[in-house]
Each structure stands twice: as C-alpha cells, then as structure tokens.
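S.K.: could you work out the structure for the sequence below:
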Amino acid sequence: MSRSRTLLVTERRITALERAEYMSGLVRKRAKCARAGVQFWVFEHDQESHRFLEFVEAKDSLLLDALELDVPPATRWRAVELA
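M.R.: Below you'll find the predicted structure:
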C-alpha cells in the first residue's frame, strides 16, 4: 500500500439497543486517533437512523495500520496528487 495520505471509510448499521455502546466506542476511537495525529469523523444518515459512516484520515497508510482500529472490512482511499 502506498504511503500517501489515506482515508479509511467504514459504514456501520446498529440497532437502537446498540446505540449507547456504539457512541461511547466512537469517543474512545476519536481519542485514540487524536493521540496518533489522525483525523476522525462520523456521520449519521439523515433519513436512516442508526446508519453511520466513519472516516479516518492519516498522512500515510502505515499510521492506519498501526492504530489497529476495530473495524469491519472497510474501504481505503488514497489521495490523488494534482498538479
């Protein structure tokens, strides 16, 4: 994998019963990312409650690997350098 800036995108669907645990897990994940100098965002779908997208952006893919985030299969996107 390239060492260029990398974005990890994970979609999650949770139940109403899982929401409190999921949200507290997001707080821990955000803190872990912040300590590593990695950006973290989470969005909830506007029309489908309990459907979330998590974005983790690192300056290189090795940082994402080192974080050992507990994520299901996710999609990695590599930054495109424009002239």
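S.K.: quick check: closest non-adjacent residue to Arg19.
M.R.: Among residues not flanking Arg19 along the chain, His50 sits closest, at 6.7 Å (Cβ to Cβ, 6 or more residues apart in numbering). To be clear about C-beta, it is placed using only N, CA and C from the backbone, and glycine gets the same treatment.
S.K.: just the strands in this structure please.
M.R.: Listed in chain order, the strands found in the chain under DSSP state E are 6-13, 39-44, 51-58, 75-78.
S.K.: can you give me the buried ones in the first one?
M.R.: In terms of neighbour count (16 or more other Cβ atoms under 10 Å), strand 6-13 has its buried residues at 6-8, 10, 12.
S.K.: save those as JSON lines, and put in distance to Leu63 and pLDDT too.
M.R.: As requested, the buried residues of strand 6-13 are exported to JSON lines (distance: Cβ to Cβ, whole Å; pLDDT from 0 to 100):
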{"residue": "Thr6", "distance to Leu63": "8", "pLDDT": "90"}
{"residue": "Leu7", "distance to Leu63": "12", "pLDDT": "92"}
{"residue": "Leu8", "distance to Leu63": "10", "pLDDT": "92"}
{"residue": "Thr10", "distance to Leu63": "16", "pLDDT": "92"}
{"residue": "Arg12", "distance to Leu63": "21", "pLDDT": "93"}
